[in-house]
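Q: When you get a sec, could you give me coordinates for this:
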Amino acid sequence: MKSKQERSSLFKTFQSQIKSKDKFEEGKTNLLQLRKELKEVDDYIFANCEKKDYCIMPLKSDKTIAYYLYHLTRIEDITSNTLILGKKQIFFENKYDSLLSSPIKTTGNELKRDQLVQFSLSLDINQLKHYVDDVYANTNQLINQMNFKESRLKVQDIRKNDLLKLNVVSTDENAFWLVDYWCKKTYTGLFLMPFSRHQMLHLDGCLRIMHKIKK
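A: Now for the predicted structure:
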C-alpha cells in the first residue's frame, strides 16, 4: 500500500494531465492507478478491522470508518450513475438499499455526530464491502470509456432533476448544497472530487482511526 505522500503525488500528476487534450488518456491512466491505490486502502481496512472498529469514534476530528466507507461510495454511485451515465444507481440496481440494512438512502451528510455510532452499527459490513467493490468497478468502466470531448461536458439539467426526484440527497442544509456543487461541475471536475480527492480525504481519516484503535 502506497503512502499518503505517494498518493498525493499521483493525484497532482493526474490533475494536471486530465485537463489537457494531448495528455487526457495518460491522465486517465494515472487516475485509474490512483483509484487502484485507494482500493488497496479499502481492502486493507476490510481485512484488518473487526466489527466494533467500524463503529467507534476515537478522534474528535473524524467520524466512523463505516460512515466514511458508506458516504464515499454513495456519493460516487450517485454522481457516476445519476449525473453522468443517466442510469440506475448500483445502490438500487443491486438491492443494496435492503442488503446494507442502512436506515438511510442518502449520502449521510445530514447525520449528526451523536447519530453516527448507531448508524454504523446498523450497517451490514460484508454487504458494504460488496457495495464498495461494485461501485469501484462501475466507475472505472465509466472512466475507461470516456473521451476528452465528453469529459468537458457539464452535468445536464435533466440529470439534476432526476437526482432531485430520487431523494438521495437530504434537504438538510448540511447535505443539500451538494446538488448544486456537483451539477455545476464538468465531468472532469467530478473525476477530480468524488472519484479521487474525496476518496483520499476520507480514507486517510479511516487510517487515522485505525491507527488510534490499534495503538
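Q: Give me the phi and psi for the nearest residue to Lys185 once chain neighbours are set aside.
A: Distances taken as C-beta to C-beta, 6 or more residues apart in numbering put Val155 closest to Lys185, at 6.5 Å, once the chain neighbours are dropped. The C-beta positions use only the backbone N, C-alpha and C, and glycine is treated the same way. Torsion angles at Val155 (phi, psi; degrees, to the nearest 10) stand at phi -60, psi 130.
Q: how many other residues sit next to Val155?
A: Here the count is done by other C-beta atoms under 10 Å, and Val155 has 21 residues near it.
Q: Distance-wise, check it relative to Tyr70.
A: Counting by C-beta to C-beta, to the nearest Å, the gap from Val155 to Tyr70 is 23 Å.
Q: Look at Lys105 and give its secondary structure.
A: coil (DSSP: H, G, I helix; E, B strand; the rest coil).
Q: residues contacting Cys206?
A: By C-beta atoms under 8 Å, 6 or more residues apart in numbering, Cys206 lies in contact with 41, 45, 65, 68-69.
Q: quick one on the thing from earlier: contacting residues around the residue nearest to Lys185?
A: Applying C-beta under 8 Å, 6+ apart, one finds that Val155 lies in contact with 83-84, 182-185, 187, 190.
Q: residues contacting the closest residue in space to Met146 that isn't next to it in sequence?
A: Distances taken as C-beta to C-beta, 6+ apart put Tyr187 closest to Met146, at 6.7 Å, once the chain neighbours are dropped. Applying C-beta under 8 Å, 6+ apart to Tyr187 gives the contacts 84, 146, 150-155.
Q: Would you show me how to pick out the buried ones of the residues you listed in PyMOL?
A: To isolate the buried members of the contacts of Tyr187 in PyMOL, using 16 or more other C-beta atoms under 10 Å:
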select buried, resi 84+146+151+155
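Q: ok, back up a step: which members of the contacts of Val155 are positioned in helices?
A: Counting by DSSP state H, the part of these found in helices is 182-183, 187, 190.
Q: And those, which is closest to Arg197?
A: Each of the ones in helices among the contacts of Val155 was scored against Arg197 by C-beta to C-beta, and Leu190 proved nearest at 10.7 Å.
Q: out of everything not next to it in sequence, what's closest to that closest one?
A: Spatial nearest neighbour of Leu190, excluding adjacent residues (C-beta to C-beta, 6+ apart): Thr79 at 5.3 Å.
Q: I'd guessed the one you found sits against Trp182; true?
A: Yes. Assessed by C-beta atoms under 8 Å, Thr79 is found in contact with Trp182 at 5.7 Å.
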